[in-house]
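*Asks:* Just a sequence and a predicted model for now, questions to come.
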Amino acid sequence: MLFGRLIKLNILIIDDDPGCLDSLSSSLQLYSHNCEAYTNAVKAVEIYRENHSRFDLVITDMKMPVMSGIEVLQNALKINCEAKVIIITAYGDVETAISAVNSHAYAFFGKPINFQELLETIERIETEKNAKKLTKEEHIRLADEYTKLKKAFEELRSLLEKSGGGNEGGK
């Protein structure tokens, strides 16, 4: 469903390599995603802290100066326990992948990124977001219906009480 997407994502991308950052950001924008890209992980985490609700996804490189991708992930989860973080790395060894998964990364990709697999992963996040949105909308609709039914029931009870409850002579 890559072309029939219901919700485009707002993605925070962090990579100390400007070439990789620009390439990934540009590629995702071709699929109608809004991307904010940073080479400075500390600055990116601060932006995320200031307004995490505007980002649906964080994609971060693993090995960067000052702050690693795992640290970005840990910070994102402290700020928002529902954060979706994908870690990418040129150092795709098993230990690194296990560390990312154990730290609750949503996904882990080696460089060069298999862009089709990345898009499929992003589509899963879109699907989850859409399902959550629909569930919330359904909850609101059901709460509204409940309120209307409760009011109608109270009006009916009031009418029945005024008319004697319909129990006259009634065994």
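*Replies:* Nice, thanks for sending it over.
*Asks:* What segments of this structure are helices?
*Replies:* Here the chain has its helices, by DSSP state H, at 18-29, 41-50, 69-79, 94-102, 115-162.
*Asks:* Any chance of those helices in TSV with distance to residue 9 as columns?
*Replies:* Yep, even glycine has a C-beta here, placed from its N, CA and C like the rest. Formatted as TSV, the helices of the chain follow (distance: least, Cβ to Cβ, whole Å):
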stretch	distance to residue 9
helix 18-29	8
helix 41-50	14
helix 69-79	15
helix 94-102	20
helix 115-162	6
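*Asks:* Relative to residue 61, which of those is closest?
*Replies:* Proximity to residue 61 (Cβ to Cβ) singles out helix 69-79 among the helices of the chain, at 5.7 Å.
*Asks:* With only the CA atoms kept, save the closest one in CSV.
*Replies:* Output of helix 69-79 as CSV, limited to C-alpha atoms (Å, rounded to 0.1, in the frame of the first residue of the first chain):
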residue,chain,number,x,y,z
GLY,A,69,21.9,6.3,18.2
ILE,A,70,21.2,4.2,21.2
GLU,A,71,21.4,7.3,23.4
VAL,A,72,19.0,9.1,20.9
LEU,A,73,16.7,6.2,21.3
GLN,A,74,16.8,6.2,25.1
ASN,A,75,16.2,9.9,25.2
ALA,A,76,13.3,9.7,22.8
LEU,A,77,11.7,6.9,24.9
LYS,A,78,12.2,9.0,28.1
ILE,A,79,10.5,11.9,26.4
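*Asks:* Now tell me which helix or strand of the protein has the poorest mean pLDDT.
*Replies:* Ranked by mean pLDDT, DSSP states H and E, the weakest helix or strand in the chain is helix 94-102, scoring a mean of 81.
*Asks:* Would you check that residue 32 makes contact with residue 8?
*Replies:* Yes - contact criterion Cβ atoms under 8 Å: residue 32 and residue 8 qualify, at 4.5 Å.
*Asks:* Flag the shaky bits of this structure, pLDDT-wise.
*Replies:* Along the chain, the parts satisfying pLDDT under 70 run over 1-7, 92, 134-137, 139, 165-171.
*Asks:* what about 80?
*Replies:* Residues of the chain that meet the criterion pLDDT under 80 lie in 1-7, 92-94, 97, 130-144, 146, 164-171.
*Asks:* so what's residue 86 up against?
*Replies:* 57-60, 105-109, 118, 121 (Cβ atoms under 8 Å, 6 or more residues apart in numbering).
*Asks:* distance of it from residue 158?
*Replies:* 57 Å (Cβ to Cβ, to the nearest Å).
*Asks:* Quick check: residue 57 touching residue 122?
*Replies:* Yes - using Cβ under 8 Å, residue 57 is in contact with residue 122, at 6.9 Å.
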